[in-house]
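In: Fold the stuff below for me.
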Amino acid sequence: QVHLVESGGGLIQAGGSLRLSCTASGSAPSGYAMAWYRQAPGKEREFVAAISWGGHSTLFADSVKGRFTITRSEDKTETFLQMDSLDPDDTAVYFCAASRGGAFYVPLKSLEFPFSGQGTQVTVSS
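Out: Next comes the predicted model:
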C-alpha cells in the first residue's frame, strides 16, 4: 500500500503563493492517479485537483481553476500543488490522496482516491 506524506503548508497573506508537495513511498502500484483534497474547519472534505498516472490529464474544482496547478514527477514519487492568488477561503488542511493502481485509462472524474496522507495546514490571512 502506498504511504503518502504532505509538506509545504504554512501561513501566507492573501494574494500569495504556496507549493505543496506529496511524497509517495511503500508498495505503490503502477498506474495510480493522484489528487488533492482540503478540509476547512467545520466543513466537509472537498476535492481540489487530480492528475493522471502519466500527468497528461488534470482536473480541478471550479473554486481553484486558473489559480492552482497540479503536477507530478517523472518517477511518480512526488505530486505537487502550486497554489497562486491565495484567498482566505483557501484556508484548510490539504491532503494528498492516491487512487488504486491500474487507473491508466480511467477518467479522473470516475476515480476514487482511498489512500490519503495526514495533511498539511494552509492558512491564508486577509
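In: what's the longest strand along the chain packed up against?
Out: Criterion DSSP state E: the longest strand present in the chain is strand 18-26. Contact analysis of strand 18-26 by 3 or more CB pairs under 8 Å, 6 or more residues apart in numbering; DSSP states H and E lists strand 2-7, strand 34-39, strand 78-83, strand 92-98, strand 120-125 as its packing neighbours. Using the backbone N, CA and C atoms, a C-beta is placed for each residue, glycine as well.
In: who are the neighbours in contact with the residue nearest the centre of the chain?
Out: Geometric centre of the chain, nearest residue: Trp36, 2.1 Å, by CA atoms, centre = their mean. Contact partners of Trp36, counting by CB atoms under 8 Å, 6 or more residues apart in numbering, are 20, 22, 48-50, 70, 79, 81, 94-97.
In: how close does it get to Phe95?
Out: Here Trp36 is placed at a distance of 7 Å from Phe95 (CB to CB, to the nearest Å).
In: Same check on Ala49?
Out: For Ala49, the distance to Phe95 - CB to CB - is 12 Å.
In: So between those two, which is more surrounded?
Out: Ala49 (25 against 22; other CB atoms under 10 Å).
In: Quick check: closest non-adjacent residue to the more buried one.
Out: With CB to CB, 6 or more residues apart in numbering as the criterion, Ala49 has its nearest non-adjacent residue at 4.2 Å, and that residue is Ile70.
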